[in-house]
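Participant: sequence and predicted model, in that order:
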Amino acid sequence: MTYCVGLLLNDGMVLLSDTRTNAGLDNIATYRKMFTFEDPGERIVVILTAGSLSITQTTVAELREAIEDPEATPETSILLAPTMLKVAEIVGNRLARVRQVVDDKLAAMRQGASASMIVAGQRKGGAMRMFLIYPEGNFIEATEDTPFLQIGEHKYGKPILDRVVRRSTSLADAQKAVLLSMDSTLRSNLSVGMPLDLAVIPAGECRVAFTRRFEPGDQDFARISAAWSKALRDSFAKIRI
């Protein structure tokens, strides 16, 4: 499994994903779950993935192939699509088709596979938008009331986002929020693991301005985690009933 989260804020977008993939306790591997498609200054699209690796890898590979196709059109390429809504539609249709093909192959063994994605981005002259793509290809969009989206093992990291994230949250605080959301998930679910991939996209710039990979044992992440644990213990001790 995995955990990915994206924040859509007034100042930009912040995205974070883990890299753990497991098919049982004795078959754990590391695979990137964040994929960037960029024409700096003109368009940026970032896709986060969760679920069956065969589905997500095939979907991303086909999206790249469609971009590189000499006959690519706004109907097929996410870097030519006229709006971010159209980008979400292209990704959703591709994901649904790939999932159906994999499901058909697994049907004989009475098995199934599923995957979901977060698609975030902006084109020059357009608004920043962020979508959660379901396995069936349909999607929902981040809004003013709910300015974040999650996929994978999201329940452990959701409470802090509900409490602190608003559209007015700064990019610096947003990075802190997603890292603490991930820290809570890492502590409670063994199917989520480091390294972690972080990306920051300032509003209007149509580019990834900052990326960082947090490897196991990263001192900055450990410091943030320890500070959060201490803050929770101190606050708990002060509460009276």
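Facilitator: Perfect, I can see it now. Numbers count the residues shown, from 1 in each chain.

Participant: any idea how far the residue nearest the centre of the chain is from A174?
Facilitator: With the centre of the chain defined as its mean C-alpha position, the nearest residue by C-alpha atoms, centre = their mean is L48, 3.5 Å away. As for L48, its distance to A174 is 15 Å (criterion: C-beta to C-beta, to the nearest Å). Using the backbone N, CA and C atoms, a C-beta is placed for each residue, glycine as well.

Participant: returning to that earlier point: which residues does the residue nearest to the centre of the chain form a beta bridge with?
Facilitator: In this structure, L48 has beta-bridge partners M34, I118, where bridges are defined by DSSP bridges.

Participant: I'd say L48 and T36 touch.
Facilitator: No: the pair formed by L48 and T36 falls short of the contact definition of C-beta atoms under 8 Å, at 10.4 Å.

Participant: any shared contact partners between those two?
Facilitator: Common contact partners of L48 and T36 (C-beta atoms under 8 Å, 6 or more residues apart in numbering): none.

Participant: quick one: low-confidence residue ranges for this protein.
Facilitator: Across the chain, the ranges flagged by pLDDT under 70 are 22-28, 109-110, 112.

Participant: would you map the strands across it?
Facilitator: Using DSSP state E, the strands found in the chain span residues 3-9, 12-17, 20-22, 28-30, 34-39, 43-51, 115-123, 129-133, 139-141, 148-152, 196-202, 210-214.

Participant: what's the local residue count around the nearest residue to T58 once chain neighbours are set aside?
Facilitator: The shortest distance from T58 to any non-neighbouring residue, by C-beta to C-beta, 6 or more residues apart in numbering, is to V98 (4.9 Å). By other C-beta atoms under 10 Å, the residues close to V98 number 24.

Participant: tell me the angle of the top helix by length along the chain relative to strand 34-39?
Facilitator: When every helix of the chain is counted residue by residue (DSSP state H), the longest turns out to be helix 84-106. Using axes from the mean of the first three to the mean of the last three C-alpha atoms, to 10 degrees, the inter-axis angle of helix 84-106 relative to strand 34-39 is 140 degrees.

Participant: return helix 84-106 as PDB; C-alpha atoms alone will do.
Facilitator: The C-alpha atoms that make up helix 84-106 are tabulated as PDB, following Å, rounded to 0.1, in the frame of the first residue of the first chain:
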ATOM      1  CA  MET A  84      -6.800  20.900 -16.100                       C
ATOM      2  CA  LEU A  85     -10.300  19.400 -16.200                       C
ATOM      3  CA  LYS A  86      -9.400  17.800 -19.500                       C
ATOM      4  CA  VAL A  87      -6.100  16.500 -18.100                       C
ATOM      5  CA  ALA A  88      -8.100  14.800 -15.300                       C
ATOM      6  CA  GLU A  89     -10.500  13.300 -17.900                       C
ATOM      7  CA  ILE A  90      -7.500  12.000 -20.000                       C
ATOM      8  CA  VAL A  91      -5.900  10.400 -16.900                       C
ATOM      9  CA  GLY A  92      -9.200   9.000 -15.600                       C
ATOM     10  CA  ASN A  93     -10.000   7.400 -19.000                       C
ATOM     11  CA  ARG A  94      -6.500   5.900 -19.200                       C
ATOM     12  CA  LEU A  95      -6.600   4.600 -15.700                       C
ATOM     13  CA  ALA A  96     -10.000   3.000 -16.200                       C
ATOM     14  CA  ARG A  97      -9.000   1.300 -19.400                       C
ATOM     15  CA  VAL A  98      -5.800  -0.100 -17.900                       C
ATOM     16  CA  ARG A  99      -7.600  -1.300 -14.800                       C
ATOM     17  CA  GLN A 100     -10.200  -3.100 -16.900                       C
ATOM     18  CA  VAL A 101      -7.500  -4.900 -18.900                       C
ATOM     19  CA  VAL A 102      -5.800  -6.100 -15.800                       C
ATOM     20  CA  ASP A 103      -9.100  -7.100 -14.200                       C
ATOM     21  CA  ASP A 104      -9.900  -9.200 -17.200                       C
ATOM     22  CA  LYS A 105      -6.600 -11.000 -17.000                       C
ATOM     23  CA  LEU A 106      -7.100 -11.700 -13.300                       C
END
